[in-house]
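# sequence and computational prediction follow.
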Amino acid sequence: MKSKKMLSLVSMCLFCLMVAGPALAEKTITIGCPLPLTGPYASDGEQMKMALELAVAEKNAAGGVLGHQIELKFGDVGGLEAEKIKAIGERLVGSGVNAIITGYDDGGVDTKVFGAFDIPYLHGNAMTLCTRPVAENLDKYWNVFQYTYNDKAYGIDAAKYLFDAGKQMGWKAPNKKIAIIKVDYAYNIMPADEFAAITEKEGYEIVVNETVPFGMAEWGPILSKIESQEPAYVTFWHLDPTDAARFIQQFSDHFGDDGLNALVYMQYTPSIPEFLQLAGDSAEGVIWVGGAYGFGKKFEDYKKRWMKMFKTEPAGLYAEATRDAFDIWAAAVEKAGCYDCYKKVADNIRAIEYDGQCAHYKFDPKDQSVYQTDDYMPLVWFQIQDGRNVKMRPPRFNEGKAYRQPPWIK
């Protein structure tokens, strides 16, 4: 009797394993995606979403990651309000996701929200506020990775290359005066202040230095200050594409007749697809700088696959960089041989060198952001010409066109 019972028990166990085996093999890996899907950054958020959807469609069609299919769970962080980021983060993590990947979801709280859990978190917030906690307490925030550089890099880069742009277009600066307009947000204040500190040491004079709130509709008072001071360089550090479009439209109207002998520089914002639609012809001649963009054979192949799925070209940094973040995570998981061995996956991300669509990624062990150099992740300079963004530098990105004098320079 005993042997029969034992045989019966063994048979039941084998049956359970046969039933459970395929279920275990088919367990889905879930990635949480906090994205700005509504509000002022929604056009960027849509590109992030499309990048992740294409990544998952292609990976699943090829058999998934370690044989597991992947599922995306989206959360809308809207206008990047801190409370919304916290709520979305807690909801996504509470649903049992195995990683968090976003283009940007910043508000200065994201590291502490997602760093409280063990799952890998890859973001492109480009904010010192997001990487400083990692640098100060790597033991606590070992799972947080910024696949872009820090915001201060914009200021350093602007001080290095802005003054050469005029020389390249055959323009001679009438003076060494600079105007700085920045929104009250760390991502913009940090690089603007860095730019001011560097240029003042080099003998330039900051004659206008205005900090503005989001939602500025009337730029007349600031434009009057610019008119009275006549700076040779007008620099604009503001993330909101609507505010930035209003500024350049009113700038163009204000100086359209009499002109202003100055260059206009913008930090990142023209990268947001909505900007050019809103600004129209007023943006002609604007010089701006954004993160690394798709370049080379790998990107051209990616663009074809993107267009096949979405019937439109990828637009903006996060159409490519968010895909790179997904591929970095997938490579780390496959090297680890497990998707829920989170420390091992994080170790692999930390050690990786990855050639992506728009950068050669290597993470700085001090704060787990990527290195910002022309050879790793470059800052790319553009000028808006004939209604499109034309790449100017680094040299390998140049589209064979020279800088043009803006129409307001008479």
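Nice, I can see it.
# quick one: secondary structure of Leu122?
strand (DSSP: H, G, I helix; E, B strand; the rest coil).
# sorry, wrong one. I was asking about Gly75.
Of the three states, Gly75 takes strand under three-state DSSP.
# for it, what are its contacts?
By C-beta atoms under 8 Å, 6 or more residues apart in numbering, the residues touching Gly75 are Gly32, Cys33, Pro34, Leu35, Ile88, Gly89, Arg91, Leu92. (Glycine included, C-beta is placed from N, CA and C.)
# give me the pLDDT value at it.
In this model, Gly75 is scored at 96, pLDDT.
# now it: how far from Glu90?
Separation of Gly75 from Glu90 (C-beta to C-beta, to the nearest Å): 10 Å.
# any shared contact partners between these two?
With C-beta under 8 Å, 6+ apart, Gly75 and Glu90 have no common neighbours.
# which residues does stretch 182-199 contact?
Residues contacting stretch 182-199 (C-beta under 8 Å, 6+ apart): 106, 108, 125-129, 150-156, 158-159, 178, 180, 206, 209-214, 235-240, 243, 267.
# and for stretch 271-284?
By C-beta under 8 Å, 6+ apart, stretch 271-284 touches 41-44, 47, 241-242, 244-246, 248-249, 251-253, 269-270, 288, 290-291, 315-317, 384-389, 406-407.
# stretch 298-317 too?
By C-beta under 8 Å, 6+ apart, stretch 298-317 touches 43-44, 47, 50-51, 53-54, 57-58, 124, 271-273, 290-294, 319-320, 323, 355-358.
# from these, which ones fall inside helices?
Of the contacts of stretch 298-317, the ones assigned to helices by DSSP state H are Ser43, Asp44, Gln47, Met50, Ala51, Glu53, Leu54, Ala57, Glu58, Ala319, Glu320, Arg323.
# pick the one among those closest to Pro395.
For the ones in helices among the contacts of stretch 298-317, the minimum distance to Pro395 (C-beta to C-beta) is 19.9 Å, reached by Glu320.
# state the pLDDT value of the closest one.
At Glu320, pLDDT is 95.
# again, but for the one 4 residues further on
The per-residue pLDDT reported for Asp324 equals 97.
# cool, Val109 as well?
You'll see Val109 listed with a pLDDT of 85.
# the closest residue to it other than its chain neighbours and Ala51, how far apart?
Once flanking residues are discounted, Val109 sits nearest to Ala82: 4.7 Å by C-beta to C-beta, 6 or more residues apart in numbering. Separation of Ala82 from Ala51 (C-beta to C-beta) stands at 25 Å.
# which residues are contacting the helix or strand harbouring Val234?
Using DSSP states H and E, Val234 sits in strand 233-237. Outside strand 233-237, the residues that touch it by C-beta under 8 Å, 6+ apart are 154, 158, 162-163, 173, 177-183, 188-189, 191-192, 195, 204, 226, 244, 247-248, 251, 260, 262-267, 269.
# of all the ones in helices among the contacts of stretch 298-317, which two lie farthest apart?
Between any two of the ones in helices among the contacts of stretch 298-317 (C-beta to C-beta), the greatest distance is 23.2 Å, for Ser43 and Glu58.
# which one of those two is surrounded by more residues?
Using other C-beta atoms under 10 Å as the criterion, Ser43 and Glu58 rank with Ser43 on top: 17 against 14.
# show me what contacts that one?
Residues in contact with Ser43 (C-beta under 8 Å, 6+ apart) are Pro241, Ile272, Pro273, Glu274, Ala315, Gly316.
# so how far is stretch 318-333 off the chain centroid?
12 Å (C-alpha atoms, centre = their mean, to the nearest Å).
# buried residues in that stretch?
With burial defined by 16 or more other C-beta atoms under 10 Å, the residues of stretch 318-333 counted as buried are 318-333.
# farthest pair within those residues?
So, the buried residues of stretch 318-333 by C-beta to C-beta: farthest apart are Ala319 and Val333, at 22.8 Å.
# do you know how far Asp44 is from Gly124?
Taken as C-beta to C-beta, the span from Asp44 to Gly124 is 10 Å.
# who touches both of those two?
In terms of C-beta under 8 Å, 6+ apart, Asp44 and Gly124 are both contacted by the residues Gly103, Tyr104, Tyr318.
# format those as JSON lines; extra columns: distance to Pro133.
Listed next are the shared contacts of Asp44 and Gly124 as JSON lines, based on distance: C-beta to C-beta, whole Å:
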{"residue": "Gly103", "distance to Pro133": "20"}
{"residue": "Tyr104", "distance to Pro133": "17"}
{"residue": "Tyr318", "distance to Pro133": "23"}
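# for these, which one is nearest Tyr376?
Tyr318 (18.1 Å).
# sketch out the low-pLDDT regions of the stretch 51-200 of the chain for me.
Residues of the stretch 51-200 of the chain meeting the criterion pLDDT under 70: 107.
# where do the helices sit along it?
Assignment of helices within the stretch 51-200 of the chain using DSSP state H, counting those that start in this stretch yields the ranges 82-94, 110-114, 128-136, 152-168, 186-201.
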